[in-house]
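# Curious how this folds, go ahead:
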Amino acid sequence: MLIVDDDADQRQILTTALEPQYIVSSAADGLDGYVMACAEAPDVIVLDIMMPVVDGWTMLRKLRVNPATRTAGIVVVTALDIEEGERQELSRLHVAAVLRKPLDLGDVASAIARVCSSSRA
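I've put the predicted structure just below:
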């Protein structure tokens, strides 16, 4: 699993919560996240939208055209209000879940479990 979020506290909270069940790595921006995703080919990526260097939208689009990352389950996390057109774009890009910050760890765990179970089906 890869967590890509520029908020160091958020990365640490998610890593601590998820490590008992998953192998977790993390990146602080979309560029490093994309490089790590290509190298590691994680099953699940938890992806923030607002980030420096490369934002989550750009990273998401790049992930979906790269054969090494095309099938990764994506859980988007954001503090932004997602407009209807953006929701349609997220659906088109096969985003498994969109979660609003501040995050509820139970919601994150449930979304990741759904991604993992659907990838095994």
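
# Correct me if wrong: Met59 contacts Gly33.
Yes - counting by CB atoms under 8 Å, Met59 touches Gly33, with 5.8 Å between them. C-beta: built from backbone N, CA, C; applies to glycine.

# Common neighbours of the two, please.
Common neighbours of Met59 and Gly33, counting by CB atoms under 8 Å, 6 or more residues apart in numbering, are 4, 47, 51.

# Can you tell me how far the second one is from Leu60?
With the distance defined as CB to CB, to the nearest Å, Leu47 ends up 6 Å from Leu60.

# which neighbours do those two share?
74, 76.

# Compare these two (neighbour count), which wins?
Neighbours were counted for Leu47 and for Leu60 using other CB atoms under 10 Å; Leu47 has more, 27 against 23.

# Let me know the average pLDDT across the helix or strand hosting Leu90.
Using DSSP states H and E, Leu90 sits in helix 84-92. For helix 84-92, mean pLDDT is 95.

# repeat for stretch 42-57
96.

# Also stretch 111-121?
On average, stretch 111-121 scores 82.

# I'd say Asp7 and Val46 touch.
No - using CB under 8 Å, Asp7 is not in contact with Val46, being 11.8 Å away.

# Other residues contacting whichever strand or helix holds Arg61?
Here Arg61, judged by DSSP H and E, is contained in helix 56-65. Contacts to helix 56-65, defined as CB under 8 Å, 6+ apart, come from residues 4, 30, 33-34, 37, 45, 47-51, 69-70, 72, 74, 76, 78, 90, 93-95.

# Good, we can wrap up now.
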